[in-house]
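Engineer: below are the sequence and a predicted model; questions follow.
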Amino acid sequence: MQRHLISAADLTRDDAVLILDTAEEMARVADRPIKKLPTLRGRTVVNLFFEDSTRTRISFEAAEKRLSADVINFTAKGSSVSKGESLKDTAQTLEAMGVDAVVIRHGASGAPYRLATSGWIDAAVINAGDGTHQHPTQALLDAFTMRRRLVGRDEGLGQDLSGRRITLVGDILHSRVARSNVDLLHTLGAEVTLVAPPTLVPVGVESWPCEVSYDLDRTLSKSDAVMLLRVQRERMNAAFFPTEREYSRRYGLDGDRMAKMPEHAIVMHPGPMVRGMEITAEVADSDRCTAIEQVANGVSIRMAVLYLLLGGNEPAATHTRTEEK
Amino acid sequence: MSKILIRGAKVLGGEPQDVLIDGDTIAEVGSGLSAEGAEVVEADGKVLLPGLVDLHTHLREPGREDSETVLTGTRAAASGGYTAVFAMANTFPVADTAGVVEQVYRLGREHGYCDVQPIGAVTVGLEGKKLAELGAMHESAAGVTVFSDDGKCVDDAVIMRRALEYVKAFGGVVAQHAQEPRLTEGAQMNEGVVSAELGLGGWPAVAEESIIARDVLLAEHVGSRVHICHLSTAGSVEIVRWAKSRGIDVTAEVTPHHLLLTDELVRSYNPVYKVNPPLRTERDVLALREALADGTIDIVATDHAPHPHEDKDCEWAAAAMGMVGLETALSVVQRTMVEAGLLDWAGVADRMSRKPAEIGRAQGHGRPVSAGEPANLTLVDTAYRGEVDPAGFASRSRNTPYEGRELPGRVTHTWLRGRATLVDGKLA
């Protein structure tokens, strides 16, 4: 494992499988009456959120607390960031307070990479979503969900997703979830197809390890999992598509379309869902939709990542933060 | 009057010769010239070029003296072998009146490191709506002949047409920053394979090419000349080549960084590589080099764009666009053009001195190295190899993409009208 988790593309197949397997162990903790491990006792993790994301922040916070870490939550709003303080100064200020890991969500693509590579701080950096670039823990929890559902909880241990056919539908262009998933699913041996109107597919997608289709109906019968990505309503103001109704007709998943999927196939959504846009209530509330499971799995995955990255076995006393300088 | 004898210099890269400067003029060029009464500079086979001329420099004064001033910028210019620079208009206040251009012009003359020829804004406040007083700027002491809203595109076709027409009255030229604004909203880097992966907003080649295509057609229609700033794509090269073949009066510049660097560097998310227009692909770089060699692209211009450290020491999206370039331009051209066998030193003199002076009508610059000509000269140690160290820059800013990179060549002497501005690599 590397010291930071910045991009799903940085993970090898074995790294990724190790994280998924570790997450299964972590999930068992959640089944216990006392959902807590002492692993990160005495370690401090800051959740550095420059972008609103209650879901992701809470998921990380739950994971950190279950590992007994001390947690600091920092949100940009109402902080000195809104008064013009730079990312560098904010990060250095927090590190001066003694932080072992920084979980960062930032609106600018590459901000976590800068934080990890510019020599500004020594702490481990975990990307919790940067701009339209990457969201690696989301991809990991998605892969975890797929492996559980398509391979099996116990049968899946040590396994990847070889030969599974995964379809991602929606706003690929602006989606860090899509980028992370394409990278990770490819590493895990899955076959990925992206489905979107051509306006929402990035120029340059031809270099990605996946197929691209503009026709949802033709991909459904060949999918083991269909992941719907949120489509923001404001996109239609920039002429990405004509109207919400038309988007929904061509690319939304409703009951009829779901019926075309193989029986074992699942419907996934990273949330928050826009019901009536990319997904109908009927599909969202069906047994095949894993949206809620994905949230639960997110905590297990983030526990696994923190555990593996922070070297949970290492006693806090021997940990010196300046060792790499 | 003081005399200087430059002994054994390869004039434009030719056989070693002696060059005698008397006062502000080249008195004689030949072999075995007498050193009597003259200070001798042993050239030892260094290459002597006419003083370089940069048609595209941001000196930042007035308004952003924290990043550069006329003094620091012209010292950087002298260090890089330049004897004349054209100062872009996007200052605060904007150089859209006779008052501002005269101030910049006067500062350049007072400091004496390099002639500063101000560029006037095409439109008031660079807003693209109303023509600035182009005639007044031309008639001012600054004698402005080049007009540009650089940093912004004159995107309104009617305003562009009128500007092209209007400056004909006094031999002016409009230098267009070709960037279709709607196609580049939120643009952060070249749109392509790398931007798709990095999740950075794309700046598509077509946003540059469509404006160039429109403007060469406008120039043809109204019989004006037009200059294209910092051309950066293979497609733009094709359009300019086509326009020239039709006899359209178009000239174009390329920056050193677009001759050397590609968008692969953006993978580092290091904003030192953030520039407008953005770094393009390898294919574009090769097309630009070829076009500079065959004359489709007329000149090299630095687009020297100083920024304070804090504007680059941050995340990519928050960073300013631009790179300093005056002190590394000649080295990059040596690497990309001379060492690649695409251009000889006479060709370099043409692309970096004669032709830019001609486009900007810079009097006394870009002249041949021969008797009777103004002594604006640059001596280059072409055998030198060294890593770029921004700590040694004369510029107030350090935002160079070449830090730690080995580049060939070093300017050792620069003379502006016979007065040394750079001696043995040190500012005089």
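Structural biologist: Thanks, I have the structure now. As the structure is a computational prediction, the values presented were derived from the model and not from experiment. Numbers count the residues shown, from 1 in each chain, chains lettered A, B, ... in the order given.
Engineer: quick check: which ranges of the chain have low pLDDT?
Structural biologist: This is for chain A. Flagging of chain A using pLDDT under 70 yields the residue ranges A:1, A:77-84, A:312-325.
Engineer: that answer is for a different chain, and I need it for chain B
Structural biologist: In chain B, residues with pLDDT under 70: B:1.
Engineer: interface residues of it facing chain A?
Structural biologist: Counting by Cβ under 8 Å from any Cβ of the partner chain, chain B comes close to chain A at B:188, B:191-200, B:202, B:204, B:268-270, B:310, B:313-318. Every residue, glycine included, has its C-beta placed from N, CA and C.
Engineer: pull out the buried members of those residues.
Structural biologist: Among the residues of chain B next to chain A, those classed as buried by 16 or more other Cβ atoms under 10 Å in any protein chain shown are B:188, B:191-200, B:202, B:204, B:269-270, B:313-318.
Engineer: which of the residues of chain B next to chain A fall in helices?
Structural biologist: Among the residues of chain B next to chain A, the members found in helices (DSSP state H) are B:193-198.
Engineer: and which of those is nearest residue B:228?
Structural biologist: Nearest to residue B:228 among those is residue B:195, at 23.3 Å by Cβ to Cβ.
Engineer: quick one, what contacts the closest one?
Structural biologist: Residues near residue B:195 by Cβ atoms under 8 Å, 6 or more residues apart in numbering or on different chains: A:202-204, B:188-189, B:201-202, B:263, B:266.
Engineer: quick check, nearest of the ones in helices among the residues of chain B next to chain A to residue B:179?
Structural biologist: So of those, ranked by how close each gets to residue B:179 (Cβ to Cβ), first place is residue B:195, at 16.0 Å.
Engineer: that older thread, list just the nearest of the contacts of residue B:195 to residue A:72.
Structural biologist: Among these, residue B:188 lies closest to residue A:72 (Cβ to Cβ), at 30.6 Å.
Engineer: hang on, that closest one packs against residue B:275?
Structural biologist: No - contact criterion Cβ atoms under 8 Å: residue B:188 and residue B:275 do not qualify, at 10.9 Å.
Engineer: residue 290: neighbouring residues, count only.
Structural biologist: As the question left the chain open, I've gone with chain A. Counted with other Cβ atoms under 10 Å in any protein chain shown, the neighbours of residue A:290 add up to 21.
Engineer: that was the other one, I meant chain B.
Structural biologist: For residue B:290, the neighbour count with other Cβ under 10 Å is 15.
Engineer: and if you look at residue B:171?
Structural biologist: Number of residues near residue B:171 (other Cβ under 10 Å) recorded here: 10.
Engineer: show me where the stretch 51-200 of chain A has its helices.
Structural biologist: In the stretch 51-200 of chain A, the segments counted as helices under DSSP state H, counting those that start in this stretch are A:54-66, A:87-96, A:111-117, A:136-146, A:176-187.
Engineer: cool, chain B as well?
Structural biologist: B:70-79, B:98-111, B:134-139, B:157-166, B:193-198, B:205-222, B:234-245, B:256-260, B:282-294, B:329-333, B:345-349, B:355-360.
Engineer: for the stretch 1-150 of chain B, which residue gets nearest to chain A?
Structural biologist: Here the stretch 1-150 of chain B gets closest to chain A at one residue, residue B:66, 15.4 Å apart by Cβ to the nearest Cβ.
Engineer: what's that residue in contact with, if anything?
Structural biologist: So residue B:66 contacts B:308, B:396 (Cβ under 8 Å, 6+ apart).
Engineer: now with 10 Å, please.
Structural biologist: Counting by Cβ atoms under 10 Å, 6 or more residues apart in numbering or on different chains, residue B:66 touches B:60, B:306-311, B:396-397.
Engineer: how near is the residue nearest to residue A:198 when sequence neighbours are not counted to residue A:243?
Structural biologist: Excluding the flanking residues, the one nearest residue A:198 by Cβ to Cβ, 6 or more residues apart in numbering or on different chains is residue A:214, at 6.0 Å. Using Cβ to Cβ, to the nearest Å, one gets 18 Å for the distance from residue A:214 to residue A:243.
Engineer: same check, this time on residue A:12
Structural biologist: From residue A:12 across to residue A:243, the span is 44 Å (Cβ to Cβ).
Engineer: now do the same end-to-end measure for stretch B:334-348.
Structural biologist: 8 Å (Cα to Cα, to the nearest Å).
Engineer: quick one: buried residues of that stretch?
Structural biologist: B:334-338, B:342-343, B:345, B:347-348.
Engineer: just stretch B:6-25 next, same as before
Structural biologist: Neighbour count says stretch B:6-25 has B:6-13, B:16-22, B:24 buried, by 16+ other Cβ under 10 Å.
Engineer: repeat for stretch A:34-52
Structural biologist: For stretch A:34-52, by 16+ other Cβ under 10 Å, it's A:37, A:39-40, A:43-51.
Engineer: only the C-alpha atoms, please, for that stretch, written as PDB.
Structural biologist: The C-alpha coordinates for stretch A:34-52 follow below in PDB (Å, rounded to 0.1, in the frame of the first residue of the first chain):
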ATOM      1  CA  ILE A  34     -19.800  -2.600  20.500                       C
ATOM      2  CA  LYS A  35     -18.900  -1.300  17.100                       C
ATOM      3  CA  LYS A  36     -15.400  -0.100  17.900                       C
ATOM      4  CA  LEU A  37     -11.800  -1.200  17.400                       C
ATOM      5  CA  PRO A  38      -8.800   0.300  19.300                       C
ATOM      6  CA  THR A  39      -6.700   0.400  16.200                       C
ATOM      7  CA  LEU A  40      -6.200   4.200  15.800                       C
ATOM      8  CA  ARG A  41      -6.300   5.100  19.400                       C
ATOM      9  CA  GLY A  42      -4.100   8.200  19.900                       C
ATOM     10  CA  ARG A  43      -4.100   9.000  16.200                       C
ATOM     11  CA  THR A  44      -5.700  12.200  14.900                       C
ATOM     12  CA  VAL A  45      -7.500  12.400  11.600                       C
ATOM     13  CA  VAL A  46      -8.800  15.700  10.200                       C
ATOM     14  CA  ASN A  47     -11.700  15.700   7.800                       C
ATOM     15  CA  LEU A  48     -10.900  18.700   5.700                       C
ATOM     16  CA  PHE A  49     -14.000  19.500   3.600                       C
ATOM     17  CA  PHE A  50     -13.800  22.500   1.300                       C
ATOM     18  CA  GLU A  51     -17.000  21.300  -0.400                       C
ATOM     19  CA  ASP A  52     -20.300  20.500   1.100                       C
END
